[in-house]
Structure formats: structure tokens, C-alpha cells
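J.: predicted model and sequence below, questions to follow.
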Amino acid sequence: MKNKIIGIDLGGTTVKFGILTTAGEIQDQWAIATNILDEGAHIVPDIIESIKHRLALYKLATSDFIGIGMGSPGSVNLETGAVTGAYNLNWKTTVEVGKAITEATGLPFFIDNDANVAALGERWMGAGENQPDVIFITLGTGVGGGIIAGGNLIHGVANAGGEIGHIVVVPEDGFDCTCGSKGCLETVASATGIVRVARQLAEEYVGASQLHQAIDSGQLISSKDIFEAAEEGDTFALSVVDKVSFYLGLACGNLGNTLNPDSIVIGGGVSAAGEFLRARVEKYFLQFTFPTVKKTTKIKLATLGNDAGIIGAASLAL
């Protein structure tokens, strides 16, 4: 009986795997190192070998599985399962991931962008509570996300839909973004962006602050340092968190006014700041939304952590 699915979260450091039930329960999970040597030529064979080994270990047959889903960095061809531009995997050309895995396992294979897949995970088994309209924003080294409307991921005409990190929130004199634009959300709300905001605000700040003193003396600081100082009452750190929350609240407000989702879920490493961040983002979100959206769209924190990727990937097979 086909009652299991495999989810794969392909990252630049590790490949995470999960065997799940069709109800989204993780029955087993494991990980292997991502071998990016030789232009990433070992990655797909390692994935195939790891799946085969696990199935043999538990005496499972392909007939037990509906299929395999994967989240991958780079530009994904949803129809062919090919991946282009996954530079952190050292893939310098297009890699036919889906074809190789299907041929080796005999199972149907489905793939999507890793941020989209994490959004599916949080929507299905996490903070999204399986609602049909959910937006997920992940705050990490960059800012990514996924938009689910009417139960469907929004891909856009060139699979570039849901690039929330490139919503412009500083239209004048914004920081340069890697995309070629200026003032994108990613430049001010990613882990590195938050530090950039702190250094900018430090130029005009006058007052007692240990964090400000650390910046002035040339010390390296992190977004975690900023949030910890803010929670301890450092006035300069609080001003930085407030500014970042303003940018996030502005972006969330525009998303809310455009799409009116059930919830906008915030995840990623920066979201470890928890309610301290969520409440401040919500304050600005409510400032920038019209009455119906204020009442019906909620700002939430992600709940699945690192499991969002494998859960969302597995759901692609459904």
C-alpha cells in the first residue's frame, strides 16, 4: 500500500531526508554531508545511494511510497526536475536531478525552490495550520519566502514569484542589493542586513549604549548580539530592532493588503528573537493595513524549524 512519502531538503552543507506518512508525520529522518567537490558531481549519486540504503535498512519497497519531493536552491524547472544556478552546490551548469533520481529509484519525483518548499511545510504542518492562504518569510543570511494562495504556490511566469526579499522598502538611498536593485527588504532584514542598519544608525546616535560603543570601537557584531542587547534594554539596540521591524511590518502590510492571507509566518534564524520581534513587526503591520486585513490576517512565528524543508518537500509528492 502506497502510504509513505520521502522529503529531501538539499542544502549547501547538508542534505536532510525524511520518511513521512501522507498525514505529514515524520517516521524517520537523517542527513548526509553535501559533497560539493568536482562541481557537485557527487551530490545526486549520494542522494540516490542514501535513499536506497535507508529503504534496505527498514526493508521498505518502492511500492510503499507515493513519491519523492525535494527542495533545492537555484532556479528549478518544475516540469523536468532540472536545477540551474545552484552556485552554493558548486553546480555550474544545469543538473538533471529529477531524471536521475526517478530512473534510479523508480519513484515519481517532484521538486521546487527551497524557500517555496519551506513555505509548504509551515503551511501544512506548522504555524499555517493547513490554511489555503499563507505567506512564509524566512529571515536568514538572505530573506526568502513563499506565497500560497488558494492552496497553490505562486510561481509566476518565470518561477520568480514569492521573492519577498526583493520587495523595496527603502525607495530612496537604500543599500545596494545583490539583485542589482537598491533598498530591498533583504538588505535591511537579513542577518547581515540588520547589522548594516545598526552601523548606519550608529553614525547619528548620541547616548549611552554598550552596543553602540562596540560598533564605534570596530568590534564585529551579529544580529543575535543586537537582539540580545535590545532585550536587555540597550536603547540603541532597541532603536535598531524598531527600524528593522518597521521595514518588515511595511513589507508584511503590503503583502497583507495585496493577498489577505490567513497568516504571514516569519521563520529563519533571525526569527529566533521570537515574540520580541513578532510583536514589533505586528505593530507596524497593523499601521500599514486597512481594516479588513487588520482583523483577518495574523502575524505568526514559524514552528517547524529545520523540519519545514523536508515536510514541505514531501508534500510536493501529494
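T.: Structure received.

J.: quick one: the strands in the stretch 1-150 of the chain?
T.: Listed in chain order, the strands found in the stretch 1-150 of the chain under DSSP state E, counting those that start in this stretch are 4-10, 14-21, 26-33, 65-72, 75-76, 83-84, 109-113, 134-139, 143-149.

J.: scan this structure for its longest helix.
T.: Using DSSP state H, we find that the single longest helix of the chain is helix 235-259.

J.: out of the strands of the stretch 1-150 of the chain, deepest packed?
T.: Highest mean neighbour count of the strands of the stretch 1-150 of the chain: strand 134-139, a mean of 30 (counted as mean count of other Cβ atoms under 10 Å). Yep, even glycine has a C-beta here, placed from its N, CA and C like the rest.

J.: ok, that strand: who's next to it in the sheet?
T.: Here strand 134-139 has these sheet partners by DSSP bridges: strand 143-149 (antiparallel), strand 263-267 (parallel).

J.: quick check: domain ranges of this protein?
T.: 4-120+307-316, 130-302 (automatic domain parsing).

J.: off-centre distance for the last one?
T.: With Cα atoms, centre = their mean, to the nearest Å as the basis, the distance from the averaged C-alpha position of domain 130-302 to the chain average is 13 Å.

J.: got TSV for the strands paired with strand 134-139, with distance to residue 284 and mean pLDDT too?
T.: TSV is the format used below for the strands paired with strand 134-139 (distance: least, Cβ to Cβ, whole Å; pLDDT from 0 to 100):
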stretch	distance to residue 284	mean pLDDT
strand 143-149	16	95
strand 263-267	12	97
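
J.: could you redo those as a markdown table and give each row distance to residue 159?
T.: Listed next are those as a markdown table, based on distance: least, Cβ to Cβ, whole Å:
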| stretch | distance to residue 159 |
| --- | --- |
| strand 143-149 | 12 |
| strand 263-267 | 21 |
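
J.: tell me which of these approaches residue 41 most closely.
T.: For those, proximity to residue 41 was assessed by Cβ to Cβ; strand 143-149 is nearest, at 26.4 Å.

J.: what is the neighbour count of residue 90?
T.: 17 (other Cβ atoms under 10 Å).

J.: quick one: terminal-to-terminal distance for stretch 184-198?
T.: Criterion Cα to Cα, to the nearest Å; first-to-last residue distance in stretch 184-198 is 16 Å.

J.: so what's the residue count around residue 180?
T.: Residue 180, neighbours per other Cβ under 10 Å, totals 8.

J.: is it part of a helix or strand, or is it coil?
T.: coil (DSSP: H, G, I helix; E, B strand; the rest coil).

J.: and the pLDDT for it?
T.: With respect to pLDDT, residue 180 has a value of 92.

J.: residue 309 reaches residue 118, doesn't it?
T.: Yes. Using Cβ atoms under 8 Å, residue 309 is in contact with residue 118, at 5.3 Å.

J.: so what's in contact with these two at the same time?
T.: Here residue 309 and residue 118 have residue 71 as joint contacts, going by Cβ atoms under 8 Å, 6 or more residues apart in numbering.

J.: hang on, isn't residue 138 packed against residue 117?
T.: No. With contact defined as Cβ under 8 Å, residue 138 does not reach residue 117; the gap is 10.9 Å.

J.: which residues are in contact with each of the two?
T.: With Cβ under 8 Å, 6+ apart, residue 138 and residue 117 have no common neighbours.

J.: adjacent strands (with direction) for the helix or strand bottoming out on mean pLDDT in the chain?
T.: Of all helical and strand segments in the chain, the minimum by mean pLDDT, DSSP states H and E falls on strand 75-76, at a mean of 90. Here strand 75-76 has these sheet partners by DSSP bridges: strand 83-84 (antiparallel).

J.: please enumerate residues in contact with the partner strand?
T.: By Cβ under 8 Å, 6+ apart, strand 83-84 touches 72-77, 91, 93-95, 97, 111.

J.: how about a cut-off of 6 Å?
T.: With Cβ atoms under 6 Å, 6 or more residues apart in numbering as the test, strand 83-84 has contacts from 72, 74-76, 94-95, 97.

J.: between those residues, which is closest to residue 33?
T.: Looking across the contacts of strand 83-84 and measuring by Cβ to Cβ, the closest to residue 33 is residue 72, at 16.4 Å.

J.: helices along the stretch 51-200 of the chain, start to end?
T.: 97-105, 114-125, 186-189, 191-202 (DSSP state H, counting those that start in this stretch).

J.: phi, psi for residue 221 please.
T.: phi -130, psi 160 (degrees, to the nearest 10).

J.: count the residues that sit near it.
T.: 17.

J.: tell me how far it lies from residue 308.
T.: 28 Å (Cβ to Cβ, to the nearest Å).
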